[in-house]
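*Asks:* sequence plus predicted model, see below.
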Amino acid sequence: MKTVVALFALSLCLFSSPLFAGLIFTLSDPDIAVGPAGASNVETFDRQSRGRISNNIITDFGVYRALQGGVRINGANKWGGADGNGNYLFIPAGGAIELTFNNPVGYFGFWWSAGDAGNKLTVNTVSETLEFTTSDILNSPALTPEHFGNPFWGNPDSRDDYHASWEPFAFVNLFAETGADALTSIRFYGSNFESDNHTVLTTILPSSGAFISRVGIQSVPEPSALALFSFALLLMCRKAKIVMQ
């Protein structure tokens with residue numbers, strides 16, 4: 001009987017312990033401006049015309065739609081442009097652009113340049129809508145002193161020259177933990193949000209890089225599972241009582 005009671009107590013612990021799933025945000029090492037090896041779906045914006053975005057940008061993995069503000073494609077400069085070449089996506093104050101994926105994706109990454117706390121993301125997954133602000137990165141130990149300053153520009157030593165030297169440049173990774181967490185769209189907004197090398201993989205990958213945060217649903221077992229387990233334990237108790245008699 002004591003064994004049955006112990007099993008019941010253990011079952012309560014197991015079934016009452018929440019299991020977390022969602023999106024894992026990580027940061028790649030300094031000087032890395034690309035996603036995981038083998039990722040072939042990358043939007044570099046280098047083939048896009050510079051200037052304000054007036055039409056949808058259609059890619060192999062989805063469609064970008066400028067929602068508001070003067071979202072632009074800029075040429076590489078001290079504020080953005082991976083490898084110091086080509087173009088990058090720029091979202092000014094009040095601007096927003098949304099990328100809708102053709103199919104749910106298990107991974108999305110982007111090079112975040114001259115970052116600040118005004119850069120924000122709204123991520124839609126198969127099961128929910130999540131908000132993320134890059135202030136989470138700024139407050140994370142994942143961000144190291146080596147992440148500050150444009151590695152492709154050759155920042156000067158003086159803040160008077162320009163303050164990009166005092167802003168982070170890092171590759172941000174979003175990993176879906178399950179199919180229910182796969183991304184269906186992502187909206188970039190805020191102020192002075194520079195990004196490049198948007199990278200997509202449809203498969204669910206194990207997370208890599210320095211951990212920033214996990215956001216998403218806290219899942220718990222269905223009540224029916226606990227009910228079935230409790231019923232089985234009751235049968236065991238009854239059987240044990242009969243044997244003792």
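*Replies:* The structure has been received and is ready for your questions. Numbering: from 1, shown residues only.

*Asks:* export stretch 169-189 to PDB, keeping only CA atoms.
*Replies:* Provided in PDB are the C-alpha atoms of stretch 169-189 (Å, rounded to 0.1, in the frame of the first residue of the first chain):
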ATOM      1  CA  PHE A 169      26.300  44.200 -33.800                       C
ATOM      2  CA  ALA A 170      25.300  40.500 -33.500                       C
ATOM      3  CA  PHE A 171      23.500  37.700 -35.200                       C
ATOM      4  CA  VAL A 172      20.200  36.800 -33.500                       C
ATOM      5  CA  ASN A 173      18.700  33.300 -33.700                       C
ATOM      6  CA  LEU A 174      15.100  32.200 -33.100                       C
ATOM      7  CA  PHE A 175      14.600  28.500 -32.700                       C
ATOM      8  CA  ALA A 176      11.200  26.900 -32.500                       C
ATOM      9  CA  GLU A 177      11.200  24.000 -30.000                       C
ATOM     10  CA  THR A 178       8.200  22.200 -31.500                       C
ATOM     11  CA  GLY A 179       6.000  22.300 -34.600                       C
ATOM     12  CA  ALA A 180       3.400  24.200 -32.600                       C
ATOM     13  CA  ASP A 181       6.100  26.900 -32.100                       C
ATOM     14  CA  ALA A 182       7.000  27.200 -35.700                       C
ATOM     15  CA  LEU A 183       7.000  30.800 -37.000                       C
ATOM     16  CA  THR A 184       4.300  31.900 -39.500                       C
ATOM     17  CA  SER A 185       5.300  35.600 -39.700                       C
ATOM     18  CA  ILE A 186       7.500  38.100 -38.000                       C
ATOM     19  CA  ARG A 187       7.000  41.900 -37.800                       C
ATOM     20  CA  PHE A 188      10.000  44.300 -37.400                       C
ATOM     21  CA  TYR A 189       9.100  47.700 -35.900                       C
END
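
*Asks:* what separates that stretch from the chain centre, distance-wise?
*Replies:* 3 Å (CA atoms, centre = their mean, to the nearest Å).

*Asks:* average pLDDT across that stretch?
*Replies:* The pLDDT scores in stretch 169-189 average 97.

*Asks:* over to stretch 207-221?
*Replies:* 78.

*Asks:* helix, strand or coil for the residue nearest the centre of the chain?
*Replies:* The chain has Leu174 as the residue nearest its centroid, 2.7 Å off, counting by CA atoms, centre = their mean. With DSSP: H, G, I helix; E, B strand; the rest coil as the basis, Leu174 sits in strand.

*Asks:* from Phe152, how far off is the spatially closest residue to it that is not a sequence neighbour?
*Replies:* The shortest distance from Leu174 to any non-neighbouring residue, by CB to CB, 6 or more residues apart in numbering, is to Phe108 (4.7 Å). (Each C-beta comes from the backbone N, C-alpha and C, glycine too.) Using CB to CB, to the nearest Å, Phe108 is found at 22 Å from Phe152.

*Asks:* look at the two and report which has more neighbours.
*Replies:* Neighbours were counted for Phe108 and for Phe152 using other CB atoms under 10 Å; Phe108 has more, 26 against 18.

*Asks:* that one bridge partners, please.
*Replies:* The bridge-partner assignment for Phe108, based on DSSP bridges, gives Leu174, Val200.

*Asks:* could you measure from it over to Glu177?
*Replies:* Here Phe108 is placed at a distance of 14 Å from Glu177 (CB to CB).

*Asks:* that's all I had, so thanks and see you.
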